[in-house]
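[1] Generate a structure from the sequence data that follows.
(chains A and B)
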Amino acid sequence: MFDTVNATADGGAIAYAFKMVSNEVQQNMLGFNIPPEHQDLVHEHWRNFAAVDKFWHYMLALIYTMLMVSSLCGNGIVIWIFSTSKSLRSASNMFIVNLALFDLVMMLEMPHLIMNSFFQKMLGYQLGCDIYATLGSVSGIGAAITNAVIAFDRYKTISCPIDGRINKVQAIILIVFTWFWTLPFTILPLTRVWGKFVPEGFLTTCSFDSFTDDSDTRVFVACIFVWSYVIPMVLICFFYSKLFSAVRLHEKMLREQAKKMNVKSLASNKDDAGKSVEIRIAKVAFTIFFLFVCAWTPYAVVTMIGTFGDRNLLTPHVTMIPAVFAKSVSCIDPWVYAINHPRYRAELEKRLPWMGIREPNAETQSTNASTATQSASADA
Amino acid sequence: MLDYLSLIFVVAVKVFKKTTPNGKVTVYLGKRDFIDHIDYCDPIDGVVVVDTDYLKGRKVYSQLVTTYRYGREEDEVMGVKFSKEMVVGTEQVVPMVNAKMELTPVQEKLLKKLGPNAFPFTFNFPEMSPSSVTLQANDDDQGKPMGVEYCVRTYVAESEEQKSHKRSSVTLAIKKLQHAPASRGRRLPSSLVSKGFTFSNGKISLEVTLDKEIYYHGEKICANIIVSNNSRKSVRNIRCMVVQHVEITMINSQFSRHVASLESREGCPVTPGASLSKSFYLVPLARSNKDVRGVALDGHLKEDDVNLASSTLVTEGKCPADAIGIVVSYSVRVKLNCGTLGGELVTDVPFKLLHPAEGSVEKQRFNAMKKMQSIERHRYENSLYTNEEEDNIVFEDFARLRMNEPE
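    Residues are numbered from 1 along each chain as shown, chains lettered A, B, ... in the order given. Now for the predicted structure:
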């Protein structure tokens, strides 16, 4: 069984290996380059696989470099613009900034990984591993719960637009709550009270230990699965579906009122006629839900297999995939939340004209503005 | 400015006008406030003057549009729009469809003065249409205010459905308001409640009577309060306030704001066996609630000409629950504080707050007062508008004139 796995894992690299790498690498098993005093870091499971080829390490480093740059740009711009522009300083936008912060924290672990890839081992051993995994755990759990908080905020804003909005104090409390939410499953493994952080996959990244074969670890994995995946997902689904039904109710009531006045068309503005609000909302909600699933399902699946399933499925290569997914989504997040924000786009257009963003609403906005000035001057 | 002028030219008829950005179509309206008299509503009567060469076979349409805005613009996320626009009436103005249409005096005057290129139009508000209401925004609210708005939109197009161009369309904001009926009625609203206590015998009773059922904006409300204490608790203090209840029917949400309040310890504590009779005077004013977010105002077009929203009246025989848009009502709420363990005794007495009916003595007095105020206000201001007072018509521009276009 192991042999076949090895063959497939290395098959792609063999041609390359012939030219460049000595046979030594092929013979070495994973974890060979870790000094004896740190050998206990590596779980037995990984020793069954041959050391991963340099080529794979460099490719991972390349992918992570690209992700790092895009995350730094996207999230950096979001934080910069949202925190410096007055028109964007609202309670709801604080959550978007918070999400960008979490995504930036996730970005912080990338330079470490890129260096690890070049040395093909975990730099700093246990300490490095702990730092890497702490950053990953805080940002991952934090981003997940922030998604749920954003869903809650949107539900409040849309279902009771007059006085249901979250004020700044409540927003700060919720943000503090998201940071506290990340703590239990960061501090417990870090202090080794419950669970621990270990290298995984290529042994250049670190995460929760899901391989140790005792009930303690199994309960830990089950708990973290519920805490950082199931609960945020359930909350996201719950709030977006509540939001959806609130919008449907509003639309229905407005239609009834329009009927009382013998009005046929009911639109937010002239161009909107015919487009259903419900469909628009469903699209956005589904996109966010889909991104969440994309980001965390691979991780959840791999961890659950590692703990409860057939471990032999988890080759080093397979194990590296979820992290790439989670990190890609952290790069996409700012675009999904912020780029959908008309004011953010307008601000972006103003400050970074070279980005070539053409605010499609500019036309309607200027109409609004001009009607406003007209009525203002009418008042003069 | 406006009132100042109408004092000088007492006989002048004042008319509002606004021109499209390209200067080819001008709309004239006799007034901006249209009164719903419950049994009938003022029609919207206007005149459109158009450069017929410019039309080239196209037509001019006018629409009566109501806009509901029930959430802040900046809260619009995920493609939700907190505003709905409803076209409650459309009319083809040029060429005229109904040549024998009945004209109002203002229209006749305007047609006579503006010549052959002037075309009249008339709209009626739908029977059920809501009144204009604006919910007060506070400083950190940006964008358009929430509420119910009306406007008359005039545009040039080939057909009714065709999209209008910004340069050839013009929008005039108008208001639909309700005024009090001619007589105020004799009924004095009152309420009598009492409260018992779990661990002691006896009751405290509270009777509140108002001196009128309908108050006019700016009038003093007198609430007569009689407290008789037959319990073993004592009344620590009395709070009396005017509560504005706002129901936003389009999203089924409601809230209330205290627009005037008074707290008194005079005569307190009302000890067991004692009783107290007292009058409270309160004046609910928009001016004293400038910073309170969400207070409903009569849809306002002028910055300083603002008053609290009038109570929503419904046609007799119709259920108040049938009212649409934003429904406003008022009550006087009296709260007795019976100590920490005793809790509170609260009662609400509903009343109506309205503008005096057109033509009534009160209305004239009210207008005179307002005129004086605005003269004060505008005495030192420069006037920026042009007027053509011949023919006793004063034209007031809705929008400022474009300088390069000769009148």
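
[2] Show me what from the stretch 101-250 of chain B comes close to chain A.
    With C-beta under 8 Å from any C-beta of the partner chain as the criterion, the stretch 101-250 of chain B meets chain A at residues B:126, B:128-129, B:135, B:142, B:144, B:146, B:163-164, B:166, B:171-173, B:248-250. Heads up, the C-betas are built off the backbone N, CA and C, glycines and all.

[3] quick one: which of those sit in strands?
    B:135, B:146, B:171-173, B:248 (DSSP state E).

[4] from chain A, which residue is nearest to chain B?
    Relative to chain B, the nearest point of chain A is residue A:161 (2.8 Å; C-beta to the nearest C-beta).

[5] tell me the contacts of the residue nearest to that residue when sequence neighbours are not counted?
    Nearest residue to residue A:161, sequence neighbours excluded (C-beta to C-beta, 6 or more residues apart in numbering or on different chains): residue B:71, at 2.8 Å. Residue B:71 makes contact with A:157-158, A:161-162, B:80, B:82-83, B:146, according to C-beta atoms under 8 Å, 6 or more residues apart in numbering or on different chains.

[6] hang on, residue B:71 in a helix?
    No. Applying DSSP: H, G, I helix; E, B strand; the rest coil, one finds residue B:71 to be coil, outside a helix.

[7] Please identify which of the ones in strands among the residues of the stretch 101-250 of chain B next to chain A is nearest to chain A.
    Looking across those and measuring by C-beta to the nearest C-beta, the closest to chain A is residue B:173, at 5.0 Å.

[8] wouldn't the closest one be in contact with residue B:153 here?
    No. Residue B:173 lies out of contact with residue B:153 (C-beta atoms under 8 Å); the separation is 10.1 Å.

[9] which pair in the ones in strands among the residues of the stretch 101-250 of chain B next to chain A spans the largest distance?
    The two members of these with the most space between them (C-beta to C-beta) are B:172 and B:248, at 25.4 Å.

[10] burial count for residue A:351?
    Counted by other C-beta atoms under 10 Å in any protein chain shown, the residues lying close to residue A:351 total 13.

[11] Let's check: the centremost residue of the chain is which one?
    Because you didn't say which chain, this covers chain A. Central residue of chain A (C-alpha atoms, centre = their mean): residue A:330, 3.8 Å from the mean position.

[12] sorry, should have said chain B
    Central residue of chain B (C-alpha atoms, centre = their mean): residue B:298, at 2.1 Å.

[13] right, and that residue touches residue B:307 too?
    Yes. Residue B:298 lies in contact with residue B:307 (C-beta under 8 Å); the separation is 5.5 Å.

[14] shared neighbours of these two, anything?
    Common contacts of residue B:298 and residue B:307, defined by C-beta under 8 Å, 6+ apart, comprise residue B:355.

[15] Please compute how far the lengthiest helix in chain A lies from its chain's middle.
    Criterion DSSP state H: the longest helix present in chain A is helix A:125-159. Relative to its chain's centre, helix A:125-159 lies at 8 Å (C-alpha atoms, centre = their mean, to the nearest Å).

[16] May I see the buried residues of the one helix or strand residue A:96 maps to?
    Residue A:96 belongs to helix A:91-119 when elements are defined using DSSP states H and E. Neighbour counts using 16 or more other C-beta atoms under 10 Å in any protein chain shown place A:91-110, A:112-114, A:116-117 of helix A:91-119 among the buried residues.

[17] Looking at residue A:178 now. What's its pLDDT?
    With respect to pLDDT, residue A:178 scores 94.

[18] Output the below-cut-off pLDDT ranges for the stretch 151-300 of chain A.
    A:264-275 (pLDDT under 70).

[19] how about the helices in it?
    A:168-182, A:184-190, A:215-225, A:231-260, A:277-308 (DSSP state H, counting those that start in this stretch).

[20] next one: chain B
    B:2-8, B:52-55, B:105-114, B:339-342, B:361-378.

[21] Give me the distance from the fourth one to the chain's centre.
    Its chain's C-alpha centre and that of helix B:339-342 lie 41 Å apart, by C-alpha atoms, centre = their mean.

[22] got it, and stretch B:182-191?
    22 Å.

[23] Spit out the contact partners of the closest residue to residue B:262 other than its chain neighbours.
    Leaving aside its sequence neighbours, residue B:262 sits nearest to residue B:240 (C-beta to C-beta, 6+ apart; 5.0 Å). By C-beta under 8 Å, 6+ apart, residue B:240 lies in contact with B:223, B:225, B:261-264, B:280, B:282, B:332-335.
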